[in-house]
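> Coordinates only, no sequence provided:
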C-alpha cells in the first residue's frame, strides 16, 4: 500500500518527467525483463530513463490495470558495476520511490491524489513508450509515404 507522502512525491516527479519528455529533454528505453516468457512480456511493459549517472526512473504497466513507478539510486558508477559480474556484485541500489496504482479501481480511488497520480502515470507511460519505441518517427514516415501515394 502506498502512503499519501509517496503518492504526492510520485505525482510531482511524474509531472516533471512528463514535462521533460514532451520538451525532448528525456529519452526512454524499453527494459528487458530477464527470464520472462514472451507471452508474459505482452502483459508487462517497462520503460526506463537515466536522470543522472546513478539515478534511474522506471514506469511500467502490468496487464491492463496496474501502473508502477519507481525511482532508484545506485551510488556506484555504472562503469564500475559493468566491470564486475552481477553474480559477484551485491546490489547497492536504493529505492527512493516505488508506487503501484490501479488505472481504474472497481470501487474508485481512495483519495483525489491517487486519481491524479493514476492519470499522470497513464500519460507518463504513454510518453515513455512512444519515446522508447520511437513511434513519432515511425508515424512521420508513414504519413510521408501516404502523402506521396496520394499526391
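In hand now; what should we look at? Everything quoted here is computed from the prediction, not taken from an experiment.
> for the chain, what spans make up the helices?
4-22, 38-41, 78-83, 112-132, 135-150 (DSSP state H).
> which residues touch residue 4?
Applying CB atoms under 8 Å, 6 or more residues apart in numbering to residue 4 gives the contacts 111, 113. For glycine as for every other residue, the C-beta is placed from the backbone atoms N, C-alpha and C.
> Local confidence estimate at it?
Note for residue 4: predicted pLDDT of 90.
> got it, and the one 4 residues further on?
If you check residue 8, the pLDDT there is 95.
> Not counting sequence-adjacent ones, nearest residue to it?
Nearest in space to residue 8, with sequence neighbours left out and distances taken as CB to CB, 6 or more residues apart in numbering, is residue 113 at 6.0 Å.
> What of residue 97?
Closest to residue 97 by CB to CB, 6+ apart is residue 71, at 4.4 Å.
> Was I right to think residue 30 contacts residue 46?
Yes. Here residue 30 reaches residue 46: they are 7.2 Å apart, a contact under CB atoms under 8 Å.
> and the two? which has more neighbours close in?
residue 46 (21 against 15; other CB atoms under 10 Å).
> For the residue nearest in space to the middle of the chain, give its distance to residue 108.
By CA atoms, centre = their mean, the chain has its centre lying nearest to residue 59, at 2.1 Å. In this view, residue 59 and residue 108 are 23 Å apart by CB to CB, to the nearest Å.
> Sounds good, over and out.
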